[in-house]
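Trainee: sequence and computational prediction follow.
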Amino acid sequence: MKHFPESELIINDDGSIFHLHLRPEQLADKVILVGDPSRVDMVASFFDTRECDVSNREFHTITGMYKGKRLTVVSHGIGTDNIDIVINELDALSNIDFETRDEKAEFRQLTLVRIGTSGGLQPHVPVGTFVISEKSIGFDGVLNFYAGRNEVCDLDFEAAFRRHVGWSPLWAAPYVIDAASDLVESIGQGEMVKGVTISANGFYGPQGRELRVPLADPELNKKIESFKYADGHVITNYEMESSALAGLAKLMGHKAMTVCSIIANRVAHNANSNYKNSISDLIQVVLDRI
């Protein structure tokens with residue numbers, strides 16, 4: 001079993017992990033992930049009971065019970081760099097003994113479902129649609145720093161996508177990762193669209209938004225919208241976290257997926273900034289199905 005020195009696994013004086021400030025016993029096997037720290041309270045408002053409420057920086061966590069299920073809800077902030085922190089620390093809480101700093105002999109698998117907001121890229125995903133990221137394309141490069149990246153990614157899809165859009169060598173190599181298929185089926189019933197999501201490494205330029213600085217490739221979004229893979233997949237939406245979540249979870253042996261409420265459509269050029277009711281509805285659905 002691996003041993004983890006202090007420099008690699010930082011444990012706070014109270015026995016909690018460095019960023020999340022959680023102790024191992026405070027983490028449930030089923031975890032809801034949200035970006036906004038205030039959305040943790042929205043999710044927990046559905047809980048029947050609460051056992052802990054912990055905050056540090058953008059990371060806010062509540063663990064409690066919902067209809068007989070023990071659940072943890074954690075905020076991760078914005079971007080795959082934060083996902084790298086959160087998923088590694090959740091895995092450490094589950095699978096490393098904080099007393100000995102050794103990897104545990106028995107693996108503990110987590111179920112991780114991210115509930116987020118997103119921008120649609122196709123006419124069939126208008127504002128208000130719930131989209132499950134059946135596949136995610138990472139523009140961020142985070143997974144490329146981990147061994148085993150090629151073994152968990154869809155390399156043929158990656159190659160076809162790079163060719164179609166004329167991927168610049170200045171950008172991080174994109175990776176394509178599948179969500180846990182059983183989660184997609186159990187949560188993605190009926191009203192939800194199963195699609196391909198791009199996790200961008202920024203909100204403005206990397207998603208084709210141009211303010212004062214011109215874009216390196218002003219036609220990138222049009223090329224993304226027109227991309228079709230051999231099995232009929234099209235790219236449905238942009239967000240900023242699903243790729244690293246699905247990829248790191250797969251490398252670690254956990255189950256993960258992302259489902260987003262579409263709050264803007266880049267093709268129709270419309271948006272809904274008052275989307276809280278839609279998110280509340282999505283939260284209720286996920287809590288019932290997880």
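Mentor: Nice, thanks for sending it over.
Trainee: pLDDT weak spots in this protein?
Mentor: By pLDDT under 70, the low-scoring segments of the chain are 266-269, 271, 273-275.
Trainee: spatially central, which residue of it would that be?
Mentor: residue 242 (3.3 Å; Cα atoms, centre = their mean).
Trainee: residue contacts, it?
Mentor: Going by Cβ atoms under 8 Å, 6 or more residues apart in numbering, residue 242 touches 114, 116, 133, 136, 179, 197, 199, 258, 260. Glycine gets a C-beta too; all of them are placed from N, C-alpha and C.
Trainee: just residue 115 next, same as before
Mentor: Here residue 115 is in contact with 32, 33, 34, 39, 43, 258, 259, 260, 279, 282, 283, 286 (Cβ under 8 Å, 6+ apart).
Trainee: that's a strand at the fourth one, yeah?
Mentor: In other words, residue 39. No - secondary structure assignment (DSSP: H, G, I helix; E, B strand; the rest coil) places residue 39 in helix, not in a strand.
Trainee: secondary structure element holding residue 53?
Mentor: strand 49-56 (DSSP states H and E).
Trainee: and that strand, what does it pack onto?
Mentor: Counting contacts by 3 or more Cβ pairs under 8 Å, 6 or more residues apart in numbering; DSSP states H and E, strand 49-56 packs against helix 37-44, strand 59-66.
Trainee: of all those, which one comes closest to residue 22?
Mentor: Checking these against residue 22 by Cβ to Cβ gives strand 59-66 as the closest, at 5.8 Å.
Trainee: so what strands line up beside that closest one?
Mentor: Strand pairing for strand 59-66, using DSSP bridges, gives strand 49-56 (antiparallel), strand 69-75 (antiparallel).
Trainee: give me the three-state assignment for residue 196.
Mentor: Classified using three-state DSSP, residue 196 is strand.
Trainee: got the CA coordinates for stretch 145-164 in CSV?
Mentor: What follows is stretch 145-164, C-alpha atoms only, in CSV (Å, rounded to 0.1, in the frame of the first residue of the first chain):
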residue,chain,number,x,y,z
PHE,A,145,-1.1,15.4,-16.1
TYR,A,146,-2.2,11.9,-14.8
ALA,A,147,-1.0,8.5,-15.7
GLY,A,148,-3.6,6.3,-17.4
ARG,A,149,-5.2,9.2,-19.2
ASN,A,150,-5.2,7.4,-22.6
GLU,A,151,-6.7,4.2,-21.1
VAL,A,152,-9.9,6.0,-19.9
CYS,A,153,-10.4,8.4,-22.8
ASP,A,154,-12.1,8.1,-26.2
LEU,A,155,-9.0,8.6,-28.4
ASP,A,156,-10.8,8.2,-31.7
PHE,A,157,-13.3,10.9,-30.8
GLU,A,158,-10.5,13.2,-29.7
ALA,A,159,-8.7,12.8,-33.0
ALA,A,160,-11.9,13.4,-35.1
PHE,A,161,-12.7,16.5,-33.0
ARG,A,162,-9.1,17.9,-33.4
ARG,A,163,-9.2,17.4,-37.2
HIS,A,164,-12.7,19.0,-37.6
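Trainee: what residues of that stretch count as buried?
Mentor: Across stretch 145-164, burial judged by 16 or more other Cβ atoms under 10 Å covers 149, 152, 153, 154, 157, 158, 160, 161.
Trainee: cool, thanks, signing off.
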